[in-house]
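>>> Would you be able to build a 3D model of this:
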Amino acid sequence: MSKIKQVLRLHKEGISNRRIAVELGLYKGTVNDYIRKVNEHGFDVDSLLNLEDPVLEEKFSAGNPAYTDARFNYLKGKLSYFEGELRRAHVTRKTLWNEYIRECPDGYRYSQFCYHLNQLQLARHPSAILEHIAGNELHVDFAGDRLSYVDLGTGEVIEVQVFIGCLPYSNYTFAMAVPSQRTDDFLYALSCCLKDMGGCPRILIPDNLKAAVIKADRYEPELNRVLDDFANHYGFAVLPTRSRKPKDKALVENHVRIIYTRVYAQLRNQRFFSIEALNQAIAEKVSEHNQTRQQQKDYSREEKFLAEEKQVLRPLPEQEFELKYYTDLRVATNNCIYLGRDKHYYSVPYIYIGQKVSVIYTRSLVTIYCQGKVIATHSRTVGFGYTTEKEHLCSTHQHYRDRSPEYYIRLAEKRSGVLGELIKRNFEKEEIPEVIYKRCDGFLSLQRKTDPVIFEKACRWALQNNLLSYKSLQKIIENKTYCQVEDCGEQEDGNKQRSHINIRGKQHYDNHINQQQTELWNRSDKD
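Sure, this is the predicted structure:
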């Protein structure tokens with residue numbers, strides 16, 4: 001029974017105020033005030049005794065006099081203005097109080113001004129009680145403070161980020177160190193988290209870090225495309241929190257504080273020489289945290305997770321996620337695209353020179369698209385160089401790339417057996433192959449420009465006289481030297497007389513002999 005009811009009960013029995021104060025251990029003035037209020041308001045004592053204690057106390061309580069003060073009414077009318085001004089840059093409560101006190105010199109001092117302003121903000125922004133469903137959400141975040149390890153090779157102290165994930169239904173926690181908050185490190189830590197939990201939630205709730213969100217928005221944030229691929233692979237949705245609203249993932253924020261106490265503080269005196277050793281120590285401390293009995297509960301986080309949540313998580317995909325990168329490039333005149341990340345060139349069919357293409361590349365593969373069609377696929381190579389395919393080159397470049405003795409001999413024999421023999425004889429000579437390649441190009445060009453019958457005769461003439469150069473074959477065709485073979489008679493021994501470009505014939509020698517005889521006769525006549 002409340003003190004007020006005891007006072008009223010004793011007063012009804014006719015006991016004096018002084019004796020009531022002595023028996024109940026109250027100040028006599030307090031008892032007098034209670035009895036005075038009953039008499040002034042004409043309350044029925046029996047009715048008051050039947051009321052619940054909170055209702056009865058309200059009738060006898062005067063309330064907080066601050067809210068009946070005239071100064072409060074003036075301040076109350078300007079509270080909305082003050083709240084709006086605080087959102088503006090460089091505006092402080094001290095600045096607003098200075099403005100307020102100039103307008104109302106008898107107003108509240110600075111401490112009371114801040115108190116009423118805080119009360120307004122608390123009343124306007126109440127906290128909601130969130131109910132969580134097993135296996136529905138996974139909250140993730142990076143701790144603000146970092147851990148570190150020592151590089152054995154250089155002695156350098158390397159700081160690392162600590163990734164933390166939490167299932168809000170069971171409060172099951174995961175933590176590990178990664179080199180940075182970049183997208184690839186973030187997704188690697190997230191994949192390790194899912195493996196540790198043995199399944200996938202339906203919703204992932206990160207904050208607006210750059211590894212997850214390109215452009216923050218209250219209703220439809222623009223996600224990182226790589227994270228979108230990751231979510232599609234594992235089959236969950238991504239719902240980032242609102243900007244500067246840590247209460248949207250309050251549980252993981254609280255777990256960051258717990259990790260500071262149960263991991264950071266426990267490892268403060270240990271030194272690690274690799275990130276793997278550091279993660280092993282973190283995993284041990286997090287396991288102890290998950291197995292620790294929770295306050296006001298008769299079970300641990302791990303027990304609740306194994307009993308109620310693990311079996312409702314979606315199964316992990318059979319294949320691991322391979323990180324994809326996206327870029328748009330233009331095909332250069334050498335029918336290659338240049339991937340700046342690898343400092344490497346990759347070829348595409350030459351018909352796409354000058355066009356813009358989309359490139360998707362993973363750790364092991366580079367795929368090139370044009371107008372939604374795959375036009376080239378290459379194994380990824382890091383480091384300066386070229387990765388090309390013969391089919392991507394034009395016919396001229398394919399010819400240049402395929403040059404070899406066998407290539408030229410095979411190409412010549414398709415056109416002429418004699419030409420093939422001529423090229424074979426050239427490759428038997430001890431010359432630099434590139435010199436012979438250019439000579440063979442000349443033979444092939446000459447073959448295309450010359451009548452096949454004439455070219456066949458010229459090649460035979462060149463072979464018979466061991467004239468194997470391009471210039472010799474060209475002069476044989478220009479001078480029609482191959483025609484002298486038909487004019488030659490048979491030698492007396494039955495063999496054909498060999499014709500030659502320098503043979504002048506019988507008539508030339510007869511004229512020369514006659515000329516010499518005439519000169520001799522003229523000299524004898526003079527003598």
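>>> got a list of what the residue positioned nearest the centre of the chain touches?
Centroid-nearest residue in the chain, with CA atoms, centre = their mean: T183, separated by 4.7 Å. Listed by CB atoms under 8 Å, 6 or more residues apart in numbering, the contact set of T183 reads 210-211, 224, 226-227, 323. All C-beta atoms are positioned from the backbone trio N, CA, C, and that covers glycine.
>>> residue ranges with poor pLDDT in the stretch 401-527 of the chain?
For the stretch 401-527 of the chain, residues meeting the criterion pLDDT under 70 lie at 401-403, 430, 481-482, 484-514, 516-527.
>>> and with 50 instead?
Applying pLDDT under 50 to the stretch 401-527 of the chain flags residues 485-498, 501.
>>> What ranges does it have for its helices?
Secondary structure of the stretch 401-527 of the chain by DSSP state H, counting those that start in this stretch: the helices cover 405-415, 417-427, 433-449, 452-464, 470-479, 484-487, 506-526.
>>> What about T241, how many residues nearby?
21 (other CB atoms under 10 Å).
>>> meant to ask about V382, not that
So V382, with other CB under 10 Å, has 11 neighbours.
>>> Quick check: closest non-adjacent residue to it.
Using CB to CB, 6 or more residues apart in numbering and skipping the chain neighbours, the partner closest in space to V382 is D342 (4.8 Å).
>>> doesn't S379 make contact with that neighbour?
No - when contacts are counted by CB atoms under 8 Å, D342 is not listed as touching S379 (11.4 Å).
>>> top of the contacts of T183 by neighbour count?
Counting neighbours by other CB under 10 Å, L227 leads the contacts of T183 with 21 neighbours.
>>> Name the nearest residue to that one, ignoring sequence neighbours.
Spatial nearest neighbour of L227, excluding adjacent residues (CB to CB, 6+ apart): A212 at 5.2 Å.
>>> Could you tell me how far that neighbour is located from L167?
With distances taken as CB to CB, to the nearest Å, A212 is found 18 Å from L167.
>>> likewise T388?
Applying CB to CB, the value for T388 to L167 is 50 Å.
>>> Look at those two and report which has more neighbours.
Per other CB under 10 Å, whichever of T388 and L167 has more neighbours is L167, with 27 against 19.
>>> Which phi and psi values does that one adopt?
With angles defined as degrees, to the nearest 10, L167 sits at phi -90, psi 110.
>>> That one against E308, yeah?
No - counting by CB under 8 Å, L167 stays clear of E308, with 10.5 Å between them.
>>> dump the residue contacts of the residue nearest to L227.
186, 206, 223-224, 227, 238, 240.
>>> which of those residues has the weakest pLDDT?
Among the contacts of A212, L223 carries the weakest pLDDT, at 73.
>>> Just name the shakiest helix or strand of the chain by mean pLDDT.
Using mean pLDDT, DSSP states H and E, helix 484-487 stands out as the lowest-scoring helix or strand of the chain, at a mean of 50.
>>> ok but the residue nearest to V382 is inside a helix, no?
No - counting by DSSP: H, G, I helix; E, B strand; the rest coil, D342 is located in no helix; its state is coil.
>>> which ones are touching P433?
Shown in contact with P433 (CB under 8 Å, 6+ apart): P405.
>>> just to revisit the earlier point, closest to L267 among the contacts of T183?
Nearest to L267 among those: A211, at 25.0 Å, using CB to CB.
>>> how near is the closest one to E222?
Going from A211 to E222 by CB to CB gives 13 Å.
>>> quick revisit: would you mind writing the PyMOL command to select the buried ones in the contacts of A212?
Selection of the buried residues among the contacts of A212 in PyMOL, burial being defined by 16 or more other CB atoms under 10 Å:
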select buried, resi 186+206+223+224+227+238+240
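>>> Return the closest of the contacts of A212 with respect to Q296.
Of the contacts of A212, the one sitting nearest to Q296 (CB to CB) turns out to be P206, at 29.3 Å.
>>> Skipping adjacent residues, who's closest to that closest one in space?
Nearest to P206 is A212, by CB to CB, 6+ apart, at 4.5 Å.
>>> what sits against V238?
V238 neighbours (CB under 8 Å, 6+ apart): 203-204, 206, 212, 223, 227-228, 231.
>>> what are the bridge partners for it, then?
Beta bridges link V238 to L204, judged by DSSP bridges.
>>> hmm, back to that, just send the helices of the stretch 401-527 of the chain back as JSON lines, with distance to F142 too.
As requested, the helices of the stretch 401-527 of the chain are exported to JSON lines (distance: least, CB to CB, whole Å):
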{"stretch": "helix 405-415", "distance to F142": "59"}
{"stretch": "helix 417-427", "distance to F142": "67"}
{"stretch": "helix 433-449", "distance to F142": "59"}
{"stretch": "helix 452-464", "distance to F142": "77"}
{"stretch": "helix 470-479", "distance to F142": "72"}
{"stretch": "helix 484-487", "distance to F142": "91"}
{"stretch": "helix 506-526", "distance to F142": "103"}
